[in-house]
Every structure is written in C-alpha cells, then in structure tokens.
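Peer 1: next comes the sequence, and after it the predicted model I'd like to discuss.
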Amino acid sequence: MENNLDLTKLMFNHYHLHMLTPILKLALQAYWSEIEEAITNVPKIYSILAENPENRKILDTPQARRYLNTQMENLYNTLYSIAWE
C-alpha cells in the first residue's frame, strides 16, 4: 500500500495475456454481470476483508480506503478491457 503497488498488474504479471485472452474473454463475458456486481461493490469487499480484526485496523484508514477503491477500479478496468475490447 505504501508503494501504491498495482495488484492487478501483479496478478497478471506472469501470464501471457495474449494466450489467455480467448478463454478468459469468453469466461468474463459469460459471467460479466456477476463479476461486475462483485467488483463494483467495494463496501461489500471491505466488509468481507474487515471481518478479520487485523485487517480492519489497516482498512479503517483513509489511505487504505483509497487504496482499496483504486485497486478495485484497476481490476474492473483490466477485466473489462479483456472481456470487451
């Protein structure tokens, strides 16, 4: 969080997206409404992560809230790009 590490880039860093894209694209398109609903509901993601008291201590800061929102936006943009572009 301190270095603004983009977790989406980290997740896909070791994969050759040009090889994964056809299969991933079909899966994302098939389940897009469920995926979109899940990754755009940041309060729900926060509540799941905050069930652990140690996570809650970290997440209950303005910096962590901004980071979580940014990461979910990055994930949405990446998955949308794979699915629909």
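Peer 2: Structure's in. What do you need?

Peer 1: please count neighbours and contacts with C-alpha atoms only from this point.
Peer 2: Noted.

Peer 1: what's the per-residue pLDDT of Leu10 here?
Peer 2: With respect to pLDDT, Leu10 has a value of 67.

Peer 1: again, but for Thr61
Peer 2: 94.

Peer 1: again with Leu28
Peer 2: Listed pLDDT for Leu28 reads 94.

Peer 1: list the contacts for it?
Peer 2: Going by C-alpha atoms under 8 Å, 6 or more residues apart in numbering, Leu28 touches 35, 79, 82-83.

Peer 1: name the element it belongs to?
Peer 2: helix 17-30 (DSSP states H and E).

Peer 1: need the next SSE after that helix, C-terminal direction.
Peer 2: Toward the C-terminus, helix 17-30 is succeeded by helix 32-39 as the next helix or strand (DSSP H and E).

Peer 1: from the rest of the structure, what touches that following helix?
Peer 2: With C-alpha under 8 Å, 6+ apart as the test, helix 32-39 has contacts from 28, 45, 72, 75-76.

Peer 1: and the furthest pair within the residues you listed?
Peer 2: Among these, the pair separated by the greatest distance (C-alpha to C-alpha) is Leu28 and Ile45, at 19.3 Å.

Peer 1: just to revisit the earlier point, could you find the lowest-pLDDT member of the contacts of Leu28?
Peer 2: When the contacts of Leu28 are compared, Ile82 shows the smallest pLDDT, 86.

Peer 1: doesn't Leu26 make contact with it?
Peer 2: No. Using C-alpha atoms under 8 Å, Ile82 is not in contact with Leu26, being 9.5 Å away.

Peer 1: where does the chain dip in pLDDT?
Peer 2: Across the chain, the ranges flagged by pLDDT under 70 are 1-3, 10-20.

Peer 1: what are the boundaries of the helices in it?
Peer 2: Applying DSSP state H to the chain gives helices spanning 7-12, 17-30, 32-39, 42-49, 53-59, 62-84.

Peer 1: need the winner for burial among those helices.
Peer 2: Greatest average neighbour count among those goes to helix 62-84 (a mean of 16), per mean count of other C-alpha atoms under 10 Å.

Peer 1: what's the angle between that one and helix 42-49?
Peer 2: For helix 62-84 against helix 42-49, the angle by axes from the mean of the first three to the mean of the last three C-alpha atoms, to 10 degrees is 110 degrees.
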